[in-house]
Each structure stands twice: as C-alpha cells, then as structure tokens.
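Novice: predicted model and sequence follow; I will ask about them next.
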Amino acid sequence: MERPKSIWTQLVVSGLIVSAVAAAWFAPAEFRNHIPLFASKAAEDGNRSRARSADLPVIVAAVGRANDDVAVEIVGTGRAIRSVMLRSDATGRIANLVIEPNVPVAAGDVLVELEKDDERLALQLAEIRLAEAERVRTRAQTLMDRGVVADARITEVETAKQIARLEVERARQALRDRTVRAPFDGVLGIPLVEQGSWVDSGADIASFDDRSVILVEFDLPQALLTRVGVGTAVKARTSVQGDRVFSGQVTAVDSRIDEQSRTAKIRVAIPNRTDELRPGASFIIRLELAGPEYFVVPELALLFAREGLHVWRIREGKAERVVVRLVRRRDGQVLVDGPLEVGDEVVIEGTQRLRDGAPVTILGTRNGSSV
C-alpha cells in the first residue's frame, strides 16, 4: 500500500512545478524579469537587440581612380589622296591610247594622243612668220643706224615681231593640248574611250588616282572634339581586307560644328604602301581617346535621391552622404566627380537604412573599383 502513495506524491509535486513554470512564462515582462532564470536571458536578448538597432551591417568597396578614356568606332568612305578624271583640252580623234587599268604610271607619262597634223602645220607657219619678223626687225635697225629709217618704223617692226612670237607660243600650246599626260604618280582606271574614237574637249577619258594614301572622312560628336587633334592615332578596318587592322592618323579637323547634327567633320589618312586598299570602300575607324582622371566606384554604390546623386562613405565607423556627379558608366563601374579620396570606403550593400552619422558594422569589403 506504500507504493501507490509514493506515486501519487510524485505526481502532485510534478504538477506544482509545471504550474509554477507556466505561471512565470505567461506572467507580465516586469514580473518575469525579476525571476533569475528569465532575467539573465532577457538581459542577453536586450543587449543583442540594442546592438542590432545601433550598428547597421554594410558591405563596402574602396574608391579607385581611372581615366575617362573613350573608344569610338565610326563608319566612313575612303578616297584617294589625289583623284582626277582625265580629260582632253582639245577636240579630235584618238591616234594613240596608252591606258592600262591598275598599272602605275609616273607624272608626265603620255596617256592619250590626238591626231595633230593640223597643229604641226600651224606651228611651222607661225615659226616662219616669226623668222620673217625678226629679219625685218634686224634690217630696220640697220637702216635706222644709217639714219634712213625713222624711230616709228622701228616700233612698228618690233611690234610685228612680238605678235609673231606669241603666235608661235599659241601654236605650240595647241599642239601640246593634243596630248594627255599623267598629272602625278598614280594608277589608271578602265578607259571610257577607245583608240580611233572621237573625243570632244572636256570629255571623260579615264579615272586617275594616287592611292599611296587613303583618306576617310566622318562626323564626330562635338562632345569629343576637345580630345581629337591633328596627329591623333586611329585604327581602320575594311571588309575588303577582313580582320586586318591598318594604322593612320587625323590630318584635319573642320573649323565648324554642324548646327543640325552638332558634329564636326574629321579627316584621317591611312598609308597604303602595299596598295591593298581601294578608294570608295567603307572603313570602320576606331579612335581611342584619352580623357581626364576621375574617381571610380562600383555602380551599386551610386544612389539617386531628391538632392541628387550620392554615395555613402564610411568614416570612423559612421555613414556619411557624399554628393557626386556622374561622368560615365563602364562595365559595372561608374566614373564620378566629387569630394572623395582614393581608398575611401563606400557602401555597396545595406544602403536602405543609412542616414548621416549612423553607426555601421562592416561585414565585408569587395575589390571592384578599378577599371
């Protein structure tokens, strides 16, 4: 009979203990905090809560420095450094045609000759008249020395002599006009006439190019004009030569900016020593333009607010708003201008609750502020 009584005693004691714990658990906080078991845990939780509310966790990155270099690719059309259309100054039938496409010729080489029999005869006649005028002038001078001829007669024969000399020069020029010569070193195109055909004065005969240098002109936005000048290096590609890259440089910058497009014309020269490039081909011109130096931060650090763009800088464990100006975005980074210093720590994660002077806890630093 003693054993059942002991079991009932244990059950009663256990029930009292459970009731006491439940009463303490559901009691008001003021009462519960006076109980040693709950007081220590409440103090610990309170400290943690205050720590969390005091220091905001953030991840930062260091401010770097980089140049605002810009690479621009623009399409333009190439042309020869010198290019003309050969024409005849005279009218007549072609007696000799010395034109082969894509064959280099030197300046002064004969390319086309027209029939010139009449011009030769005219020159001979003018030369005879000049010789006669000179004979008359010599005879008149002799008679004047003897006092037989007056000064007026000498003036008359001298004038006749000068006219005869001019007639000779005109006949020679007419004869020269019957021949078309290369104006400079270059390459001929396909002729537009045939030997024996009749050509009029000013009619097109063939194209003639100096391809030693290819010129390409294109329009550049005015914002980049200060970075370009005569001598600026360029790279050029053309579909004619696949992926080959040719070097060149800027040779001229237009003096005006177009009012409609706000661009200025740029001319570049590409040496063509191996004669691989052709006038009229399209070229992709690449300019790598150096720019001034700015601060660089991760794009995540740049924030937009009513006051403008800014970043959060950490100084002595506290957040500080720094207003900046956006210069350029580049591959997840931004170039900015503002009162920063290289090595400053700016927040890239955890910016939502930041305010000026708020204490922070740096959880980590990422290296991503270099370009």
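Specialist: Received, thanks. Numbers count the residues shown, from 1 in each chain.

Novice: which SSE is immediately downstream of the lengthiest helix in the chain?
Specialist: Across the chain, the helix with the greatest residue count (assigned by DSSP state H) is helix 117-145. Proceeding N to C from helix 117-145, the next assigned helix or strand is helix 151-176, under DSSP states H and E.

Novice: list the buried residues in that following helix.
Specialist: Going by neighbour count (16 or more other CB atoms under 10 Å), the buried part of helix 151-176 is V157, A160, K161, A164, R165, E167, V168, A171, A174, L175. Glycine gets a C-beta too; all of them are placed from N, C-alpha and C.

Novice: touching, the fifth one and L130? I think so.
Specialist: Read it as R165. Yes. Contact criterion CB atoms under 8 Å: R165 and L130 qualify, at 5.6 Å.

Novice: still on that earlier bit, mind giving me the packing neighbours of the longest helix of the chain?
Specialist: Helix 117-145 is packed against helix 151-176, with contacts defined by 3 or more CB pairs under 8 Å, 6 or more residues apart in numbering; DSSP states H and E.

Novice: quick one, the helix it packs on and helix 117-145 angle?
Specialist: Angle of helix 151-176 versus helix 117-145, following axes from the mean of the first three to the mean of the last three CA atoms, to 10 degrees, is 160 degrees.

Novice: show residues contacting the following helix or strand past helix 151-176.
Specialist: Later in the chain than helix 151-176, the nearest helix or strand by DSSP H and E is strand 179-181. Residues outside strand 179-181 that contact it (CB atoms under 8 Å, 6 or more residues apart in numbering): 86-88, 107-114, 116, 205.

Novice: now these in JSON lines, with secondary structure and neighbour count?
Specialist: Below are the contacts of strand 179-181 laid out as JSON lines (DSSP: H, G, I helix; E, B strand; the rest coil; neighbours: other CB atoms under 10 Å):
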{"residue": "L86", "secondary structure": "strand", "neighbour count": "22"}
{"residue": "R87", "secondary structure": "strand", "neighbour count": "15"}
{"residue": "S88", "secondary structure": "coil", "neighbour count": "22"}
{"residue": "A107", "secondary structure": "coil", "neighbour count": "11"}
{"residue": "G108", "secondary structure": "coil", "neighbour count": "10"}
{"residue": "D109", "secondary structure": "coil", "neighbour count": "13"}
{"residue": "V110", "secondary structure": "strand", "neighbour count": "12"}
{"residue": "L111", "secondary structure": "strand", "neighbour count": "21"}
{"residue": "V112", "secondary structure": "strand", "neighbour count": "23"}
{"residue": "E113", "secondary structure": "strand", "neighbour count": "18"}
{"residue": "L114", "secondary structure": "strand", "neighbour count": "20"}
{"residue": "K116", "secondary structure": "coil", "neighbour count": "19"}
{"residue": "I205", "secondary structure": "strand", "neighbour count": "21"}
